[in-house]
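**Student:** here is my input, please return the structure:
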Amino acid sequence: MNKRFGLMVLVLVTVCASAQQTPWVVKPEWVKAHEVFLASDAMRGRGSATHDEEITATYVASRFVSYGLQLAPGMKDYVQAAEVVSTVLDGHATLTAGTVKLEEGAGVTLLSSSGASVSGPLFKVKAADVAGAKIPKGAVVVLTDVPDGQGFRKVIGPVMQSGPAAIVIPESADSERMYQAAGGRARTPIRLADEQARRPGSTIWALDASHLKTLEGASDGAAVNTQVNVVPMEKRYTYNTIGYLPGSDPNAGTILLSAHLDHLGVGTPENGDGIWNGANDDAAGTTAVLELAHAMAAGPKLKRSVLFVCYGSEELGDLGSTYFGKHSPVPLKDLVANVEFEMIGNQDPKMPNGVLLFTGWERSNLGPTLKAHGALLGPDPYPDQHYFERSDNYALALEGVVAHTAAGWGDPPTYHRPTDDLAHLDLPFMTAAIQSLVIPMEWLANSDFKPAWNAGGQPKR
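**Tutor:** Below is the predicted model:
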(Lines give C-alpha, C1' and ligand atoms only; values in the text may rest on other atoms or scores of the structure.)
Protein backbone atom coordinates (compact mmCIF):
# COMPACT_ATOMS: atom_id res chain seq x y z
CA MET A 1 0.00 0.00 0.00
CA ASN A 2 2.81 2.40 0.87
CA LYS A 3 4.48 1.77 -2.48
CA ARG A 4 1.22 2.38 -4.32
CA PHE A 5 0.58 5.54 -2.32
CA GLY A 6 4.10 6.78 -3.03
CA LEU A 7 3.67 6.07 -6.74
CA MET A 8 0.36 7.97 -6.73
CA VAL A 9 1.99 11.01 -5.10
CA LEU A 10 4.83 10.89 -7.64
CA VAL A 11 2.35 10.82 -10.51
CA LEU A 12 0.38 13.74 -9.07
CA VAL A 13 3.52 15.81 -8.54
CA THR A 14 4.65 15.07 -12.08
CA VAL A 15 1.26 16.03 -13.51
CA CYS A 16 1.16 19.28 -11.50
CA ALA A 17 4.71 20.19 -12.51
CA SER A 18 3.86 19.48 -16.14
CA ALA A 19 0.75 21.66 -15.90
CA GLN A 20 2.77 24.54 -14.47
CA GLN A 21 5.25 24.30 -17.34
CA THR A 22 2.52 24.40 -20.01
CA PRO A 23 2.66 27.83 -21.69
CA TRP A 24 -0.37 30.04 -21.31
CA VAL A 25 -2.54 30.08 -24.43
CA VAL A 26 -4.37 33.26 -25.42
CA LYS A 27 -7.61 31.91 -26.84
CA PRO A 28 -8.95 33.68 -29.93
CA GLU A 29 -12.50 33.54 -28.56
CA TRP A 30 -11.36 35.63 -25.57
CA VAL A 31 -9.87 38.23 -27.87
CA LYS A 32 -12.99 38.32 -30.02
CA ALA A 33 -15.28 38.51 -26.99
CA HIS A 34 -13.65 41.73 -25.77
CA GLU A 35 -13.91 43.26 -29.23
CA VAL A 36 -17.53 42.20 -29.68
CA PHE A 37 -18.43 44.23 -26.60
CA LEU A 38 -16.01 47.16 -26.79
CA ALA A 39 -16.54 47.84 -30.50
CA SER A 40 -20.29 47.21 -30.54
CA ASP A 41 -22.76 49.86 -31.66
CA ALA A 42 -24.23 49.64 -28.16
CA MET A 43 -21.06 51.32 -26.85
CA ARG A 44 -21.61 54.28 -29.22
CA GLY A 45 -17.93 54.62 -30.05
CA ARG A 46 -16.76 54.93 -26.42
CA GLY A 47 -16.60 58.72 -26.73
CA SER A 48 -13.95 60.43 -24.63
CA ALA A 49 -15.16 61.77 -21.29
CA THR A 50 -18.70 60.47 -21.79
CA HIS A 51 -20.96 58.02 -19.97
CA ASP A 52 -20.04 55.49 -22.68
CA GLU A 53 -16.40 55.83 -21.68
CA GLU A 54 -17.41 55.24 -18.06
CA ILE A 55 -19.21 52.04 -19.07
CA THR A 56 -16.07 50.94 -20.92
CA ALA A 57 -13.92 51.62 -17.87
CA THR A 58 -16.35 49.63 -15.74
CA TYR A 59 -16.19 46.67 -18.15
CA VAL A 60 -12.39 46.68 -17.99
CA ALA A 61 -12.54 46.87 -14.18
CA SER A 62 -14.87 43.88 -14.06
CA ARG A 63 -12.43 41.86 -16.16
CA PHE A 64 -9.55 42.87 -13.90
CA VAL A 65 -11.51 41.68 -10.87
CA SER A 66 -12.35 38.36 -12.55
CA TYR A 67 -8.65 37.77 -13.32
CA GLY A 68 -7.70 38.34 -9.69
CA LEU A 69 -6.06 41.75 -9.95
CA GLN A 70 -6.07 43.84 -6.81
CA LEU A 71 -6.72 47.49 -6.12
CA ALA A 72 -3.60 49.56 -6.70
CA PRO A 73 -1.90 50.98 -3.58
CA GLY A 74 -3.96 53.74 -1.98
CA MET A 75 -6.93 53.31 -4.33
CA LYS A 76 -10.48 52.56 -3.21
CA ASP A 77 -11.79 51.64 -6.65
CA TYR A 78 -10.49 50.19 -9.90
CA VAL A 79 -11.77 53.24 -11.80
CA GLN A 80 -9.97 56.58 -11.43
CA ALA A 81 -12.21 59.54 -12.36
CA ALA A 82 -10.77 62.91 -13.38
CA GLU A 83 -12.81 66.05 -13.92
CA VAL A 84 -12.35 67.80 -17.26
CA VAL A 85 -13.31 71.28 -18.42
CA SER A 86 -14.60 71.41 -21.98
CA THR A 87 -16.22 73.71 -24.53
CA VAL A 88 -19.15 72.35 -26.53
CA LEU A 89 -20.71 74.19 -29.48
CA ASP A 90 -24.27 73.89 -30.79
CA GLY A 91 -23.22 73.16 -34.39
CA HIS A 92 -24.75 76.36 -35.83
CA ALA A 93 -21.75 78.66 -36.19
CA THR A 94 -21.86 81.41 -38.83
CA LEU A 95 -19.26 83.17 -40.97
CA THR A 96 -20.26 86.66 -42.15
CA ALA A 97 -18.46 89.03 -44.54
CA GLY A 98 -20.51 92.08 -45.55
CA THR A 99 -23.71 90.80 -47.11
CA VAL A 100 -22.35 87.23 -47.31
CA LYS A 101 -23.50 84.98 -44.48
CA LEU A 102 -22.53 81.30 -44.36
CA GLU A 103 -23.95 78.91 -41.78
CA GLU A 104 -22.30 75.71 -40.60
CA GLY A 105 -23.67 72.78 -42.60
CA ALA A 106 -23.22 71.15 -45.99
CA GLY A 107 -20.18 72.66 -47.69
CA VAL A 108 -19.45 74.92 -44.69
CA THR A 109 -17.47 73.08 -42.02
CA LEU A 110 -16.09 74.49 -38.79
CA LEU A 111 -12.94 72.41 -38.23
CA SER A 112 -11.76 73.97 -34.98
CA SER A 113 -12.66 76.78 -32.64
CA SER A 114 -11.30 78.38 -29.50
CA GLY A 115 -14.88 78.49 -28.25
CA ALA A 116 -15.08 82.25 -28.73
CA SER A 117 -16.60 84.34 -31.52
CA VAL A 118 -13.83 86.11 -33.48
CA SER A 119 -13.59 88.80 -36.13
CA GLY A 120 -10.99 90.45 -38.31
CA PRO A 121 -10.22 91.96 -41.72
CA LEU A 122 -10.39 89.64 -44.73
CA PHE A 123 -7.00 88.72 -46.19
CA LYS A 124 -6.86 86.49 -49.30
CA VAL A 125 -3.67 84.70 -50.29
CA LYS A 126 -2.67 81.82 -52.55
CA ALA A 127 -1.00 78.89 -50.81
CA ALA A 128 2.14 79.29 -52.95
CA ASP A 129 2.50 82.92 -51.83
CA VAL A 130 2.13 82.40 -48.07
CA ALA A 131 5.86 82.44 -47.32
CA GLY A 132 6.31 85.96 -48.68
CA ALA A 133 2.96 87.36 -47.67
CA LYS A 134 2.67 89.95 -44.91
CA ILE A 135 -0.38 88.56 -43.14
CA PRO A 136 -1.82 91.09 -40.67
CA LYS A 137 -2.15 89.79 -37.13
CA GLY A 138 -5.78 89.12 -36.30
CA ALA A 139 -6.85 88.77 -39.92
CA VAL A 140 -9.32 86.23 -41.27
CA VAL A 141 -7.07 84.51 -43.80
CA VAL A 142 -8.66 82.90 -46.84
CA LEU A 143 -6.28 80.42 -48.43
CA THR A 144 -6.75 79.50 -52.07
CA ASP A 145 -5.11 76.90 -54.31
CA VAL A 146 -4.15 74.75 -51.33
CA PRO A 147 -2.65 71.40 -52.35
CA ASP A 148 -4.27 68.39 -50.73
CA GLY A 149 -2.38 65.91 -48.59
CA GLN A 150 0.94 66.94 -47.07
CA GLY A 151 0.75 70.41 -48.62
CA PHE A 152 -2.24 71.23 -46.42
CA ARG A 153 -0.19 71.16 -43.22
CA LYS A 154 2.80 72.92 -44.78
CA VAL A 155 0.60 75.90 -45.62
CA ILE A 156 -1.41 76.00 -42.40
CA GLY A 157 1.69 76.12 -40.17
CA PRO A 158 3.15 79.47 -41.35
CA VAL A 159 -0.31 81.06 -41.39
CA MET A 160 -0.92 80.02 -37.78
CA GLN A 161 2.33 81.69 -36.75
CA SER A 162 1.04 85.03 -38.03
CA GLY A 163 -1.64 85.04 -35.30
CA PRO A 164 -4.80 85.02 -37.44
CA ALA A 165 -8.28 85.39 -35.98
CA ALA A 166 -9.43 82.62 -38.28
CA ILE A 167 -8.33 80.62 -41.31
CA VAL A 168 -10.53 79.57 -44.21
CA ILE A 169 -9.35 76.76 -46.47
CA PRO A 170 -10.82 74.92 -49.45
CA GLU A 171 -12.71 71.75 -48.58
CA SER A 172 -10.61 68.70 -49.47
CA ALA A 173 -10.00 65.08 -48.56
CA ASP A 174 -7.45 66.32 -46.02
CA SER A 175 -9.86 68.76 -44.36
CA GLU A 176 -12.52 66.05 -44.26
CA ARG A 177 -10.01 63.72 -42.60
CA MET A 178 -9.25 66.38 -40.00
CA TYR A 179 -12.98 66.78 -39.33
CA GLN A 180 -13.64 63.06 -39.06
CA ALA A 181 -10.60 62.65 -36.80
CA ALA A 182 -12.44 64.85 -34.29
CA GLY A 183 -15.51 62.63 -34.45
CA GLY A 184 -17.36 64.67 -37.05
CA ARG A 185 -17.44 67.89 -35.05
CA ALA A 186 -15.31 70.99 -34.53
CA ARG A 187 -12.30 70.62 -32.27
CA THR A 188 -12.71 72.78 -29.16
CA PRO A 189 -10.60 73.29 -26.03
CA ILE A 190 -10.67 70.63 -23.33
CA ARG A 191 -8.38 70.19 -20.35
CA LEU A 192 -8.12 68.55 -16.98
CA ALA A 193 -9.77 70.60 -14.25
CA ASP A 194 -6.53 70.71 -12.26
CA GLU A 195 -4.56 72.10 -15.22
CA GLN A 196 -4.19 75.70 -16.29
CA ALA A 197 -6.04 76.73 -19.44
CA ARG A 198 -3.94 76.22 -22.54
CA ARG A 199 -3.43 78.81 -25.29
CA PRO A 200 -6.65 78.84 -27.34
CA GLY A 201 -6.51 77.17 -30.74
CA SER A 202 -7.31 78.95 -33.99
CA THR A 203 -10.70 79.02 -35.65
CA ILE A 204 -10.45 77.08 -38.92
CA TRP A 205 -13.16 76.74 -41.56
CA ALA A 206 -13.31 74.53 -44.66
CA LEU A 207 -15.58 75.66 -47.53
CA ASP A 208 -16.55 73.82 -50.68
CA ALA A 209 -15.82 75.46 -54.06
CA SER A 210 -19.09 77.39 -54.38
CA HIS A 211 -19.06 78.82 -50.85
CA LEU A 212 -15.36 79.68 -51.11
CA LYS A 213 -16.00 81.54 -54.36
CA THR A 214 -18.77 83.51 -52.67
CA LEU A 215 -16.46 84.53 -49.81
CA GLU A 216 -13.66 85.42 -52.22
CA GLY A 217 -16.05 87.91 -53.81
CA ALA A 218 -15.75 90.09 -50.71
CA SER A 219 -13.06 92.77 -50.90
CA ASP A 220 -9.76 92.56 -49.03
CA GLY A 221 -10.00 94.24 -45.67
CA ALA A 222 -13.74 93.64 -45.36
CA ALA A 223 -14.84 92.90 -41.81
CA VAL A 224 -15.42 89.18 -41.26
CA ASN A 225 -17.18 87.81 -38.20
CA THR A 226 -17.35 84.24 -36.90
CA GLN A 227 -20.15 83.59 -34.44
CA VAL A 228 -20.15 80.40 -32.32
CA ASN A 229 -22.63 79.38 -29.66
CA VAL A 230 -21.40 77.56 -26.54
CA VAL A 231 -23.68 74.98 -24.96
CA PRO A 232 -23.75 74.98 -21.12
CA MET A 233 -22.24 71.77 -19.76
CA GLU A 234 -22.59 69.93 -16.47
CA LYS A 235 -19.50 68.55 -14.77
CA ARG A 236 -17.71 66.13 -17.03
CA TYR A 237 -15.24 63.36 -16.20
CA THR A 238 -12.82 61.05 -17.92
CA TYR A 239 -12.09 57.58 -16.58
CA ASN A 240 -8.95 55.44 -16.18
CA THR A 241 -9.13 51.80 -15.10
CA ILE A 242 -6.25 50.51 -12.96
CA GLY A 243 -5.55 46.93 -11.89
CA TYR A 244 -2.59 45.79 -9.78
CA LEU A 245 -0.70 42.52 -9.60
CA PRO A 246 1.63 42.72 -6.56
CA GLY A 247 5.03 41.13 -6.88
CA SER A 248 7.01 39.15 -4.34
CA ASP A 249 9.79 41.76 -4.06
CA PRO A 250 8.52 45.25 -3.12
CA ASN A 251 11.93 46.71 -4.01
CA ALA A 252 12.11 45.25 -7.53
CA GLY A 253 10.01 47.97 -9.16
CA THR A 254 6.80 47.93 -11.17
CA ILE A 255 6.01 47.31 -14.83
CA LEU A 256 3.22 49.31 -16.47
CA LEU A 257 1.20 47.81 -19.34
CA SER A 258 -1.30 50.27 -20.80
CA ALA A 259 -3.67 51.28 -23.59
CA HIS A 260 -6.44 53.81 -24.06
CA LEU A 261 -10.05 52.70 -23.86
CA ASP A 262 -11.82 55.67 -25.49
CA HIS A 263 -12.56 56.48 -29.12
CA LEU A 264 -14.42 59.16 -31.12
CA GLY A 265 -17.99 58.43 -30.14
CA VAL A 266 -20.83 59.34 -32.49
CA GLY A 267 -20.44 61.93 -35.25
CA THR A 268 -22.03 62.80 -38.54
CA PRO A 269 -22.93 59.71 -40.62
CA GLU A 270 -20.26 58.66 -43.08
CA ASN A 271 -21.01 55.47 -45.01
CA GLY A 272 -23.18 54.21 -42.17
CA ASP A 273 -24.65 55.13 -38.82
CA GLY A 274 -22.07 57.70 -37.69
CA ILE A 275 -20.73 55.48 -34.90
CA TRP A 276 -16.95 55.42 -34.72
CA ASN A 277 -16.62 51.91 -33.24
CA GLY A 278 -12.85 52.03 -32.71
CA ALA A 279 -12.32 48.27 -32.90
CA ASN A 280 -8.65 48.79 -33.71
CA ASP A 281 -8.21 52.23 -32.10
CA ASP A 282 -7.98 51.28 -29.33
CA ALA A 283 -10.24 48.42 -28.35
CA ALA A 284 -7.43 46.26 -29.74
CA GLY A 285 -4.88 47.75 -27.33
CA THR A 286 -7.33 47.47 -24.46
CA THR A 287 -7.83 43.81 -25.35
CA ALA A 288 -4.05 43.28 -25.25
CA VAL A 289 -3.85 44.73 -21.74
CA LEU A 290 -6.80 42.58 -20.62
CA GLU A 291 -5.38 39.34 -21.96
CA LEU A 292 -1.89 40.00 -20.64
CA ALA A 293 -3.47 40.65 -17.23
CA HIS A 294 -5.40 37.40 -17.65
CA ALA A 295 -2.21 35.45 -18.42
CA MET A 296 0.11 37.01 -15.86
CA ALA A 297 -2.39 36.83 -12.99
CA ALA A 298 -3.03 33.13 -13.69
CA GLY A 299 0.62 32.11 -13.31
CA PRO A 300 2.98 31.88 -10.34
CA LYS A 301 3.61 35.06 -8.35
CA LEU A 302 5.98 37.38 -10.19
CA LYS A 303 8.97 39.13 -8.67
CA ARG A 304 8.02 42.60 -9.86
CA SER A 305 4.61 44.17 -9.47
CA VAL A 306 2.61 44.94 -12.59
CA LEU A 307 0.14 47.78 -13.17
CA PHE A 308 -2.44 47.27 -15.90
CA VAL A 309 -3.96 50.60 -16.91
CA CYS A 310 -6.49 51.61 -19.56
CA TYR A 311 -6.69 55.38 -19.98
CA GLY A 312 -9.61 57.59 -20.88
CA SER A 313 -9.64 60.58 -23.25
CA GLU A 314 -6.52 59.83 -25.26
CA GLU A 315 -8.37 61.14 -28.29
CA LEU A 316 -8.76 64.54 -26.60
CA GLY A 317 -5.05 65.00 -26.00
CA ASP A 318 -3.86 62.21 -23.68
CA LEU A 319 -5.92 63.55 -20.78
CA GLY A 320 -6.27 60.23 -18.98
CA SER A 321 -2.58 59.35 -19.11
CA THR A 322 -1.63 62.89 -18.09
CA TYR A 323 -3.88 62.61 -15.04
CA PHE A 324 -2.46 59.18 -14.24
CA GLY A 325 1.08 60.57 -14.41
CA LYS A 326 0.15 63.15 -11.76
CA HIS A 327 -1.84 60.71 -9.61
CA SER A 328 -0.08 57.40 -10.09
CA PRO A 329 -0.66 54.91 -7.26
CA VAL A 330 2.99 53.93 -7.67
CA PRO A 331 5.76 56.55 -7.67
CA LEU A 332 6.96 57.14 -11.22
CA LYS A 333 10.54 56.53 -10.11
CA ASP A 334 9.54 52.95 -9.30
CA LEU A 335 8.24 52.24 -12.82
CA VAL A 336 10.78 49.96 -14.49
CA ALA A 337 9.19 50.20 -17.93
CA ASN A 338 5.96 51.06 -19.73
CA VAL A 339 4.63 49.35 -22.85
CA GLU A 340 1.58 50.99 -24.40
CA PHE A 341 -0.57 49.06 -26.88
CA GLU A 342 -2.11 51.00 -29.74
CA MET A 343 -4.04 49.66 -32.74
CA ILE A 344 -2.63 46.13 -32.82
CA GLY A 345 -5.57 44.80 -34.84
CA ASN A 346 -3.94 44.84 -38.28
CA GLN A 347 -0.61 43.91 -39.83
CA ASP A 348 1.45 46.79 -41.17
CA PRO A 349 2.57 46.02 -44.76
CA LYS A 350 6.03 47.46 -44.03
CA MET A 351 6.63 45.12 -41.08
CA PRO A 352 7.76 41.47 -41.22
CA ASN A 353 4.92 38.98 -41.13
CA GLY A 354 3.26 38.84 -37.71
CA VAL A 355 5.46 41.57 -36.16
CA LEU A 356 4.27 44.66 -34.27
CA LEU A 357 6.14 47.95 -34.71
CA PHE A 358 7.71 49.34 -31.54
CA THR A 359 7.97 53.11 -31.47
CA GLY A 360 11.30 54.68 -30.51
CA TRP A 361 13.07 51.32 -31.05
CA GLU A 362 16.51 52.91 -31.17
CA ARG A 363 15.92 55.07 -28.08
CA SER A 364 16.33 52.31 -25.49
CA ASN A 365 17.25 48.65 -25.07
CA LEU A 366 13.71 47.59 -24.13
CA GLY A 367 12.39 46.60 -27.57
CA PRO A 368 15.43 44.59 -28.69
CA THR A 369 15.54 42.79 -25.33
CA LEU A 370 11.87 41.82 -25.45
CA LYS A 371 12.37 40.63 -29.03
CA ALA A 372 15.29 38.48 -27.92
CA HIS A 373 12.91 36.76 -25.50
CA GLY A 374 10.31 36.00 -28.16
CA ALA A 375 8.17 39.12 -28.49
CA LEU A 376 7.05 39.76 -32.08
CA LEU A 377 8.35 43.33 -32.10
CA GLY A 378 10.46 45.31 -34.55
CA PRO A 379 11.63 48.86 -35.37
CA ASP A 380 9.03 51.45 -36.33
CA PRO A 381 9.36 51.97 -40.12
CA TYR A 382 7.80 55.46 -39.93
CA PRO A 383 10.21 57.64 -37.91
CA ASP A 384 9.06 60.71 -39.88
CA GLN A 385 5.54 60.28 -38.45
CA HIS A 386 6.80 60.61 -34.84
CA TYR A 387 4.52 57.88 -33.48
CA PHE A 388 6.72 57.69 -30.37
CA GLU A 389 5.58 61.19 -29.41
CA ARG A 390 1.94 60.64 -30.40
CA SER A 391 0.75 58.10 -27.84
CA ASP A 392 0.21 57.80 -24.11
CA ASN A 393 3.74 56.51 -23.53
CA TYR A 394 5.25 59.91 -24.25
CA ALA A 395 4.18 61.72 -21.08
CA LEU A 396 5.89 59.05 -18.98
CA ALA A 397 8.96 59.03 -21.24
CA LEU A 398 9.34 62.75 -20.56
CA GLU A 399 9.41 61.87 -16.85
CA GLY A 400 12.29 59.45 -17.44
CA VAL A 401 10.32 56.18 -17.56
CA VAL A 402 11.48 53.89 -20.39
CA ALA A 403 8.15 53.96 -22.20
CA HIS A 404 7.27 52.87 -25.74
CA THR A 405 4.23 51.91 -27.79
CA ALA A 406 3.65 48.61 -29.58
CA ALA A 407 1.36 49.02 -32.58
CA GLY A 408 0.11 47.08 -35.58
CA TRP A 409 -0.35 49.19 -38.70
CA GLY A 410 0.83 52.74 -38.17
CA ASP A 411 -1.86 54.38 -40.33
CA PRO A 412 -4.41 51.80 -41.50
CA PRO A 413 -7.16 52.71 -44.01
CA THR A 414 -9.74 52.51 -41.20
CA TYR A 415 -7.91 55.00 -38.93
CA HIS A 416 -10.46 57.43 -37.46
CA ARG A 417 -13.20 56.14 -39.73
CA PRO A 418 -16.53 54.45 -38.99
CA THR A 419 -15.07 51.48 -40.87
CA ASP A 420 -12.83 50.77 -37.86
CA ASP A 421 -15.10 47.94 -36.81
CA LEU A 422 -14.95 44.25 -35.97
CA ALA A 423 -15.21 43.21 -39.62
CA HIS A 424 -11.95 44.99 -40.44
CA LEU A 425 -9.84 43.41 -37.69
CA ASP A 426 -7.27 40.68 -38.29
CA LEU A 427 -8.10 38.67 -35.16
CA PRO A 428 -5.59 35.85 -35.82
CA PHE A 429 -2.75 38.40 -36.18
CA MET A 430 -3.89 40.21 -33.06
CA THR A 431 -4.15 37.01 -31.01
CA ALA A 432 -0.70 35.81 -32.11
CA ALA A 433 0.84 39.19 -31.28
CA ILE A 434 -0.58 39.13 -27.74
CA GLN A 435 0.49 35.50 -27.34
CA SER A 436 4.07 36.38 -28.29
CA LEU A 437 4.24 38.90 -25.45
CA VAL A 438 3.17 36.65 -22.58
CA ILE A 439 6.49 34.91 -21.92
CA PRO A 440 8.66 38.04 -22.54
CA MET A 441 6.54 40.07 -20.12
CA GLU A 442 6.68 37.36 -17.49
CA TRP A 443 10.44 37.21 -18.00
CA LEU A 444 10.69 40.99 -17.56
CA ALA A 445 8.62 40.79 -14.39
CA ASN A 446 10.84 38.05 -12.93
CA SER A 447 14.24 39.32 -14.05
CA ASP A 448 16.73 41.83 -12.66
CA PHE A 449 16.98 43.48 -16.08
CA LYS A 450 16.22 47.19 -15.90
CA PRO A 451 15.62 48.84 -19.28
CA ALA A 452 17.69 51.94 -19.96
CA TRP A 453 17.69 54.77 -22.45
CA ASN A 454 20.38 54.70 -25.08
CA ALA A 455 22.59 57.76 -25.36
CA GLY A 456 20.40 60.67 -26.45
CA GLY A 457 17.30 58.48 -26.47
CA GLN A 458 15.37 59.96 -23.57
CA PRO A 459 13.11 62.77 -24.80
CA LYS A 460 13.46 66.18 -23.22
CA ARG A 461 10.77 68.76 -22.54
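**Student:** ranges for the helices of this protein?
**Tutor:** Ranges of helices in the chain, per DSSP state H, are 2-21, 28-38, 51-67, 150-161, 173-181, 209-216, 283-298, 319-326, 366-372, 393-398, 427-446.
**Student:** out of those, deepest packed?
**Tutor:** Among the helices of the chain, the stretch with the highest mean neighbour count (mean count of other CB atoms under 10 Å) is helix 283-298, at a mean of 25. Placement of C-beta: from N, CA and C, glycine included.
**Student:** just want the angle from that helix to helix 51-67.
**Tutor:** Helix 283-298 runs at 20 degrees relative to helix 51-67, counting by axes from the mean of the first three to the mean of the last three CA atoms, to 10 degrees.
**Student:** give me the helices and strands touching helix 283-298, please.
**Tutor:** helix 28-38, helix 51-67, strand 236-245, strand 254-260, strand 305-311, strand 335-342, helix 427-446 (3 or more CB pairs under 8 Å, 6 or more residues apart in numbering; DSSP states H and E).
**Student:** next, format the ones you listed as JSON lines and append distance to residue 96 and mean pLDDT.
**Tutor:** Shown next, in JSON lines, are the helices and strands packed on helix 283-298 (distance: least, CB to CB, whole Å; pLDDT from 0 to 100):
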{"stretch": "helix 28-38", "distance to residue 96": "43", "mean pLDDT": "98"}
{"stretch": "helix 51-67", "distance to residue 96": "36", "mean pLDDT": "98"}
{"stretch": "strand 236-245", "distance to residue 96": "31", "mean pLDDT": "97"}
{"stretch": "strand 254-260", "distance to residue 96": "39", "mean pLDDT": "98"}
{"stretch": "strand 305-311", "distance to residue 96": "41", "mean pLDDT": "98"}
{"stretch": "strand 335-342", "distance to residue 96": "42", "mean pLDDT": "98"}
{"stretch": "helix 427-446", "distance to residue 96": "50", "mean pLDDT": "98"}
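**Student:** now render the helices of the chain as TSV, adding distance to residue 454.
**Tutor:** Converted to TSV, the helices of the chain look like this (distance: least, CB to CB, whole Å):
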stretch	distance to residue 454
helix 2-21	35
helix 28-38	33
helix 51-67	33
helix 150-161	30
helix 173-181	33
helix 209-216	49
helix 283-298	25
helix 319-326	23
helix 366-372	10
helix 393-398	13
helix 427-446	18
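**Student:** residue 380 versus residue 362, what's the distance?
**Tutor:** 9 Å (CB to CB, to the nearest Å).
**Student:** neighbour count winner among these two?
**Tutor:** residue 380 (26 against 14; other CB atoms under 10 Å).
**Student:** tell me the contacts of that one?
**Tutor:** 357, 358, 359, 360, 361, 387, 388, 407, 410 (CB atoms under 8 Å, 6 or more residues apart in numbering).
**Student:** got it, and residue 309?
**Tutor:** Neighbours of residue 309 in contact, by CB under 8 Å, 6+ apart: 240, 241, 242, 243, 256, 257, 258, 289, 324.
**Student:** which residue packs closest to residue 103, ignoring adjacent ones?
**Tutor:** Distances taken as CB to CB, 6 or more residues apart in numbering place residue 94 nearest to residue 103, at 5.1 Å, with adjacent residues excluded.
**Student:** wait, isn't that neighbour in contact with residue 205?
**Tutor:** No - in this structure, residue 94 is not within contact of residue 205 by CB atoms under 8 Å, at 10.5 Å.
**Student:** which neighbours do these two share?
**Tutor:** Residues within reach of residue 94 and of residue 205 at once, by CB under 8 Å, 6+ apart, are residue 226.
**Student:** the two: which is more packed in?
**Tutor:** Between residue 94 and residue 205, counted using other CB under 10 Å, the more crowded position is residue 205 (27 against 16).
**Student:** now the more buried one: how far from residue 342?
**Tutor:** With CB to CB as the criterion, residue 205 and residue 342 are 31 Å apart.
**Student:** wait, what's in contact with residue 124?
**Tutor:** Residues counted as contacts of residue 124 (CB under 8 Å, 6+ apart) are 141, 142, 144, 216, 220.
**Student:** gap between it and residue 137?
**Tutor:** Residue 124 sits at a distance of 16 Å from residue 137 (criterion: CB to CB).
**Student:** go on, residue 334?
**Tutor:** From residue 334 to residue 137 the distance is 48 Å (CB to CB).
**Student:** which one of these two has more residues nearby?
**Tutor:** When residue 334 and residue 137 are compared for neighbours, residue 334 comes out ahead with 15 against 9, by other CB under 10 Å.
**Student:** the more buried one contacts residue 253, doesn't it?
**Tutor:** Yes - contact status for residue 334 versus residue 253: in contact at 5.3 Å, counting by CB under 8 Å.
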